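>>> Need a 3D model of the following:
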Amino acid sequence: MDFLCWGVTALLLFSSLDAVRCVSVHISNEGPVYVIPGSALLLRARVEYGPLEAVAEVAWEREPESGAPEGRVRLAACPGGSSRCTGARANVRASVEGHESVLHLSGYGRADGGVYAVTVTDHEGATSTARCIVREYEAVHHVTVSINASHSALVCGEAWGTEPHFSWLHERAAVTPAVGAVSEDGSTLVVTKAPLCGHFTCIVSNRLGYSAATYTAAPCETGAISGTTLALICLFLLQIVGGGVAFLVWRRKRKRGGRQHERLDERV
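Residues are numbered from 1 along each chain as shown. Below you'll find the predicted structure:
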């Protein structure tokens, strides 16, 4: 019986030790990570290990998103117990301080995109790997505005820009609730203004700039006076002014005629 108890105790002890002896790593950056060309890529990884563990190496690698093994490149390797890391390229630096490893890549280019992986190896050869997708930050391209006539909705589309932000203008002013309601992602404008008229402009922007497109409907009536009404008012005013001028001319001629009659009477 005592032997059985000792066996169970030893089994539990070894199980607890195995649980303690577990190395793991995760990348702090939430992917995908988008990088503007020419700027720096900075990735941070948190390494976790128990009191009985020792890290033998921290290595950073990159591979294509397709997963093709021939495209895998080792970027940096950091031996355990040392903060000195060896980079494969001049623009790549890596470091390990305590439980954190940092990868810094300057002058990011299109060829630097892919899946970045950090692998931690313990003193017994066990490994743990974390991955993060890194892509190029792209400018906004080819903005279009189309109409869904059945729902009185304008839909703004954009080709492939990164993190697009949508905003709407009506006649060069920001859209108000009196004009319409914008969807949560900003890409759709449901027009409540009746009738649908004027110029509707969708502006799509991100950190690299913006692009815009305009949908043109029938011209809007300005205020409460329509174009036809305004023309009639102008015609009426012209008639009044013309009549006034004609009256003044007639009155002046009448005065001149009266003076001429007086002069003739005096001569007689």
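
>>> And E63, how far from R135?
If you measure E63 against R135 using Cβ to Cβ, to the nearest Å, the figure is 14 Å. Just so you know, the C-beta spots here come from the backbone N, C-alpha and C atoms, and that holds for glycine as well.

>>> residues in contact with the helix or strand encompassing Y34?
Counting by DSSP states H and E, the element that carries Y34 is strand 33-35. By Cβ atoms under 8 Å, 6 or more residues apart in numbering, the residues outside strand 33-35 that reach it are 41, 43, 108, 112, 132-137, 162-163.

>>> How about stretch 152-167?
So stretch 152-167 is in contact with 34, 135, 137-148, 168, 174, 182, 185-192, 196, 200, 202-208, 211, 213, 215, going by Cβ under 8 Å, 6+ apart.

>>> try 6 Å
34, 137-147, 186-191, 200, 202-206, 215 (Cβ atoms under 6 Å, 6 or more residues apart in numbering).

>>> so how many other residues sit close to A217?
The tally of other residues near A217 (other Cβ atoms under 10 Å) stands at 15.

>>> Could you check how far it is from N148?
Distance of A217 to N148, given as Cβ to Cβ: 13 Å.

>>> Output stretch 46-66 in CSV, but only the C-alpha positions, please.
Only the C-alpha atoms of stretch 46-66 are listed here, as CSV (Å, rounded to 0.1, in the frame of the first residue of the first chain):
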residue,chain,number,x,y,z
ARG,A,46,6.6,37.7,-25.4
VAL,A,47,8.4,34.6,-24.3
GLU,A,48,7.0,32.6,-21.4
TYR,A,49,8.8,29.8,-19.6
GLY,A,50,8.8,28.2,-16.2
PRO,A,51,11.5,28.4,-13.5
LEU,A,52,13.0,25.0,-14.6
GLU,A,53,13.2,26.2,-18.2
ALA,A,54,16.1,27.8,-20.1
VAL,A,55,15.9,29.4,-23.5
ALA,A,56,18.6,28.1,-25.9
GLU,A,57,17.6,30.3,-28.9
VAL,A,58,15.2,32.9,-30.3
ALA,A,59,15.0,33.0,-34.1
TRP,A,60,13.0,35.2,-36.4
GLU,A,61,12.1,34.0,-39.9
ARG,A,62,9.9,35.1,-42.9
GLU,A,63,8.1,33.0,-45.4
PRO,A,64,5.6,33.8,-48.3
GLU,A,65,1.9,33.8,-47.4
SER,A,66,1.6,30.9,-49.8
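
>>> for that stretch, the distance to its chain's centre please.
Stretch 46-66 has its C-alpha centroid displaced from the chain centroid by 33 Å (Cα atoms, centre = their mean, to the nearest Å).

>>> in that stretch, what's buried?
Burial within stretch 46-66, assessed by neighbour count using 16 or more other Cβ atoms under 10 Å, is assigned to 47, 49, 53, 55-63.
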